[in-house]
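*Asks:* got a sequence here, can you model it:
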Amino acid sequence: MTLYDRLRPEYKEKLELECEKYPTSIENLYQDLRDVEYVINMRYGTFLNLFNHLDIVFPDVSPYDLFLDEKDVLIKELMQ
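*Replies:* Predicted coordinates:
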C-alpha cells in the first residue's frame, strides 16, 4: 500500500482543493506518494511540497501523522 493510499482523507480533500490552483504540482506530489510505501523513504522535496500545500508547520506535525497506520487501514477496509 502506497503513501497515497494511506494519506488521511482530510489531507486528500485539502490537496484536491489545491489541485485547482496548482494542478501540475499536486499531480507530481500524488505521483511521488504513489511511488513510496513508507514515510522513511519519502524524498525530502516531497515532504516539503506536501507540508507547503497543506499549510502545515514542521515540527508541529510529524510526517507520520499525515498517514493512516496499518491498523487504521485494516479498519477502513473492513468498513467497506
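
*Asks:* any low-confidence regions in this protein?
*Replies:* Per-residue confidence of the chain (counting by pLDDT under 70) places the weak regions at 72-77, 80.

*Asks:* just the helices in it please.
*Replies:* For the chain, helices defined by DSSP state H occupy the ranges 3-6, 9-21, 23-34, 44-53, 70-79.

*Asks:* with just CA atoms, put the first one into PDB.
*Replies:* Taking C-alpha atoms only, helix 3-6 is exported to PDB below (Å, rounded to 0.1, in the frame of the first residue of the first chain):
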ATOM      1  CA  LEU A   3       1.600   6.600   0.900                       C
ATOM      2  CA  TYR A   4      -1.000   8.000  -1.500                       C
ATOM      3  CA  ASP A   5      -3.400   5.200  -0.400                       C
ATOM      4  CA  ARG A   6      -2.600   5.800   3.300                       C
END
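
*Asks:* ok, back up a step: export the helices of the chain as a markdown table, with columns for mean neighbour count.
*Replies:* Backbone N, C-alpha and C define where each C-beta goes, glycine included. Putting the helices of the chain into a markdown table (neighbours: other C-beta atoms under 10 Å) gives the following:
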| stretch | mean neighbour count |
| --- | --- |
| helix 3-6 | 18 |
| helix 9-21 | 12 |
| helix 23-34 | 15 |
| helix 44-53 | 15 |
| helix 70-79 | 10 |
